[in-house]
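Trainee: using only what follows, build the 3D model:
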Amino acid sequence: LEEVLGQRCGRVQFLFENPANPSNVWACLRSMDAFGVARVHVVVDPRAYGIEEEVPEEQSPAEERARGRLRSMKSSAGSAQWLLLEEHGSVAAALQKLRAANPKLRVLASDLSSGAVDINDMSFEAGEAGSGQQEALVRDDEDILVIMGNEDRGISEEARGLADFRFFLPMRGFAESFNLSVATAITLAYLQAKHGLRPGSLSQADEDRLRLRWYMQSLRQGTAIALFRRHGIELPGLEDAKHLPRQRIMGYRP
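Mentor: Okay, here's the model as predicted:
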């Protein structure tokens with residue numbers, strides 16, 4: 001456990017904007033874990049799935065399918081028990097929070113529209129030169145947030161406007177794009193090859209959160225609170241609780 005924890009990367013985080021395919025969500029989160037990325041953010045806006053906030057008494061077949069797809073997508077996040085997941089209502093809300101916590105956060109968005117930079121033109125080390133695209137330089141002292149868009153629509157105009165710059169994965173065949181899970185894995189592999197990922201760069205607070213979660217997962221349900229109290233540890237707001245509460249993220253309790 002400590003060996004894996006020591007290789008977790010805090011420099012790079014990913015944000016998925018309204019993902020549609022449950023299988024792709026599962027594969028993306030599994031790739032995050034495999035490459036050591038600890039923090040993953042998800043924007044889930046029901047309107048992006050064609051769902052109104054309130055459930056009407058009678059739903060059209062299309063909306064019923066959309067709600068089923070959203071429920072299925074949320075349940076797929078259960079594969080991320082080893083990650084720190086956080087859900088946001090919009091890209092703007094997510095970036096406002098993340099940039100306030102880290103002013104040196106560079107936001108890269110995967111995008112196929114005009115003006116995006118070839119991923120090969122991005123560099124992640126001091127003194128490393130790309131092919132002349134200065135705006136695509138991620139400095140050595142900056143952290144990185146990568147935004148991956150919806151499988152069908154890509155990133156939103158909101159994400160496009162808020163990103164520091166946009167990149168694309170070059171393709172040499174007839175297909176117009178990779179699917180989400182493949183694009184995520186390729187981006188992770190590129191970041192690793194270019195030394196963008198930094199094993200051991202997780203903050204102490206996040207390291208402690210993961211360590212506690214992993215230890216708690218090794219215990220039988222209901223024993224965590226008793227264990228804390230046995231060692232004189234009281235958690236605020238849980239004086240009378242019998243179980244540790246777990247926050248729901250995308251319908252999944254991490």
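
Trainee: helix or strand with the lowest mean pLDDT in the chain?
Mentor: The helix or strand of the chain with the poorest confidence is helix 61-75; it has a mean of 55 (mean pLDDT, DSSP states H and E).

Trainee: which helix or strand lies directly C-terminal to it?
Mentor: Note on helix 61-75: by DSSP states H and E, the next helix or strand toward the C-terminus is strand 84-88.

Trainee: now do that following strand: distance to the chain's middle.
Mentor: Centre-to-centre, strand 84-88 and its host chain are 7 Å apart (Cα atoms, centre = their mean, to the nearest Å).

Trainee: repeat that for stretch 190-208.
Mentor: With Cα atoms, centre = their mean, you get 14 Å for stretch 190-208.

Trainee: and what of stretch 147-163?
Mentor: 14 Å.

Trainee: in that stretch, which residues are buried?
Mentor: 147-151, 154-156, 159-160, 162-163 (16 or more other Cβ atoms under 10 Å). C-betas here are computed from N, CA, C, even on glycine.

Trainee: contacts for it, please.
Mentor: The contact list for stretch 147-163 (Cβ atoms under 8 Å, 6 or more residues apart in numbering) reads 14-21, 24, 28, 48, 90-92, 95, 107-113, 166, 179-180, 183-184, 187.

Trainee: in strands only, show me the residues you listed.
Mentor: 14-17, 107-110, 166 (DSSP state E).

Trainee: and those as TSV, adding pLDDT?
Mentor: Below are those laid out as TSV (pLDDT from 0 to 100):
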residue	pLDDT
14	97
15	96
16	94
17	93
107	96
108	95
109	96
110	95
166	94
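
Trainee: possible to save the residues you listed as JSON lines with distance to residue 6 and neighbour count?
Mentor: Shown next, in JSON lines, are the ones in strands among the contacts of stretch 147-163 (distance: Cβ to Cβ, whole Å; neighbours: other Cβ atoms under 10 Å):
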{"residue": "14", "distance to residue 6": "21", "neighbour count": "24"}
{"residue": "15", "distance to residue 6": "25", "neighbour count": "24"}
{"residue": "16", "distance to residue 6": "26", "neighbour count": "24"}
{"residue": "17", "distance to residue 6": "31", "neighbour count": "26"}
{"residue": "107", "distance to residue 6": "27", "neighbour count": "22"}
{"residue": "108", "distance to residue 6": "26", "neighbour count": "25"}
{"residue": "109", "distance to residue 6": "30", "neighbour count": "27"}
{"residue": "110", "distance to residue 6": "29", "neighbour count": "26"}
{"residue": "166", "distance to residue 6": "33", "neighbour count": "21"}
